[in-house]
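> 3D, please:
(one chain, ligands or ions: 2)
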Amino acid sequence: MPFRRMWRASSLNGFVRLYSNRNILKLHERGMFEDIFPETSNHEVTDLLNARPQCVYAGFDPTASSLHLGNLLVLINLLHWQRGGHKVIALVGGATGRIGDPSGHTMDRPELESAIINANVCSIKENIQRVFSNHEQYLWDKHASTRTLTPAMIVDNLDWYSEQNVVEFLHCVGRHFRLGTMLSRHSVQSRLSSQVGMSFTEFCYQVFQAYDWLHLLQRFDCRFQVGGSDQMGNIVSGHDLISRVADTTVYGLTLPLVTTETGHKFGKSAGNAVWLNADKTSPFELYQFFVRCKDSEVERLLKLFTFESLSSIKNLMTKHQENPELRTAQKKLAEQVTLLVHGEEGLETALKATAALYDQTAESLMELTAEDISRIFEGAKVCDLLLLPGTTILDLALQAGCFTRDAVRIISAGGFYINYQRVSKIDEVLTEAAHILPNNVTLIRVGKWIL
Ligand SMILES: Nc1ncnc2c1ncn2[C@@H]1O[C@H](COP(=O)(O)OP(=O)(O)OP(=O)(O)O)[C@@H](O)[C@H]1O
Ligand SMILES: N[C@@H](Cc1ccc(O)cc1)C(=O)O
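Ligands and ions are numbered 1, 2, ... in the order given. Reported below is the predicted structural model:
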């Protein structure tokens, strides 16, 4: 089946649909917001959002070469703002990445070389651009909307810190920070009470994130900041700074943290990240991650990670519950996220790989590259063999190291498979079409094991 048509067909079933609302606080219904700061500002914020387009930002520090699923939730939140007609800024922390956010960390972050940080900045910018452009191309129905999306801006805070004079900064900005308040932040308190303590550099992190917001307010009238719930302390610092120096009220919104089944935050430091870069987590792995999610989790994730309306999700869940083993809801979720992260091509690769794994036909294997195959059968042994004319099934089995003994008996008894087909004649000569696929791959299975 042509894969291109597979996802198009399902999107015509009403999956790519407009969900956009100028009043972003409505996203609360999707479980998208955890907190708002100042706490009592719901009505003011609703009025402001309805009155005219607003500007919002979220920041990402370049402490790894790729963003991950936790960060994707923040990007999706920004996309909802964009769909609602607002202006969106994604900030990459070329400067703050050199300082290190202590939030949620039990010790100082390891120092990264400048060259690594610069490379990370580039690849994170690429991730952000890719997600925004895939969203516009595949998940935004421009014909159904009277609105056009205002292009997202990507900024790097190194641009305003690299020329910053330190005396000037302390004189103008530092004086607005009270030591008692800085010390009271949870990120600081938890470290001060630990054995390792914290460096002055990380202690100052909140000043930099706070000043970023002031800078973006002054340049772009950016009155909103969003971030994971671990960012509340830094967001409050920004709010406090701005309320001291500017005559404008600003608002912070935090999102729930995406956690593992055991309740741990998904992230770089926790070492459990599902990445947006294909070389760290392939489109197939990303797709499978969502296909495998539990029935009890899938509805919540559909609300968080797709743009589908709540009523469509409800209908989908009803359909899903009629036949849960088909994993209808999980497949839709996986399809939407893979499309957002890797575009149409990535989704096709993921679907082809899934078919190869589950259909178990030589045809499905032919659709894949050798690299795709080794990723799908991760952990399976890969060996390069030069097959000479006249090589038999037994030769292949021995050269590939499938048996230490009993080769003839096991193959003859039907325990040996090539490209999912059982082969039991030990002296059968290998041929290109039957045993070696056009991508030069031969998939061998002994009994239940894929080699
Ligand atoms: N698991 C998560 N769920 C929701 N938001 C997250 C998650 N992980 C990170 N974020 C948010 O993504 C934004 C950027 O985070 P950043 O990349 O700087 O740190 P991080 O991924 O949390 O890294 P680390 O694990 O090293 O702390 C922040 O707003 C952060 O709160
Ligand atoms: N502190 C954020 C990233 C960030 C950096 C600069 C900002 O201005 C805002 C956010 C984090 O580590 O998750």
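
> roughly how far apart are the residue of the stretch 351-451 of the chain found nearest ligand 2 and residue 401?
Residue of the stretch 351-451 of the chain nearest ligand 2, by Cβ to the nearest ligand atom: residue 375 (29.3 Å). Quick note: C-beta positions are derived from backbone N, CA and C, even for glycine. Residue 375 is 21 Å from residue 401, where distance means Cβ to Cβ, to the nearest Å.

> before we move on, what about residue 277?
Applying Cβ to Cβ to residue 277 and residue 401 gives a distance of 33 Å.

> okay, and residue 357 sits in which element?
Per DSSP states H and E, residue 357 falls inside helix 328-359.

> residue 375 and residue 401: which is more packed in?
More neighbours surround residue 375 than the other of residue 375 and residue 401, with 18 against 10 (other Cβ atoms under 10 Å).

> now do the contacts for the residue in the stretch 151-300 of the chain that ligand 2 sits nearest to.
Residue nearest to ligand 2 within the stretch 151-300 of the chain: residue 212 (3.3 Å; Cβ to the nearest ligand atom). By Cβ atoms under 8 Å, 6 or more residues apart in numbering, the residues touching residue 212 are 57, 59, 91, 96, 157, 238.

> for residue 295, state which of these is nearest.
The closest of the contacts of residue 212 to residue 295 turns out to be residue 59 (Cβ to Cβ; 34.7 Å).

> after whichever strand or helix holds residue 46, which helix or strand is next?
For residue 46, the element it lies in under DSSP H and E is helix 42-51. If you walk from helix 42-51 toward the C-terminus, the next helix or strand you reach (DSSP H and E) is strand 55-60.

> mind giving me the packing neighbours of that next one?
helix 69-83, strand 87-92, helix 205-220, strand 222-228 (3 or more Cβ pairs under 8 Å, 6 or more residues apart in numbering; DSSP states H and E).

> give me the below-cutoff pLDDT ranges for the protein.
Confidence mapping of the chain against pLDDT under 70 gives the ranges 1-20, 269-270, 378-379, 448-451.

> now the angle from the helix holding residue 357 to helix 69-83?
Here the directions of helix 328-359 and helix 69-83 differ by 130 degrees (axes from the mean of the first three to the mean of the last three Cα atoms, to 10 degrees).

> buried set for helix 328-359?
Under the neighbour-count criterion of 16 or more other Cβ atoms under 10 Å, helix 328-359 has 328-344, 346-357 buried.

> if we ignore the residues flanking it in sequence, what's nearest the residue lying farthest from the centre of the chain?
Note on the chain: the largest C-alpha distance from the chain mean falls to residue 427, namely 49.3 Å (Cα atoms, centre = their mean). Of all residues not flanking residue 427 in the chain, residue 392 sits nearest, at 5.1 Å (Cβ to Cβ, 6 or more residues apart in numbering).
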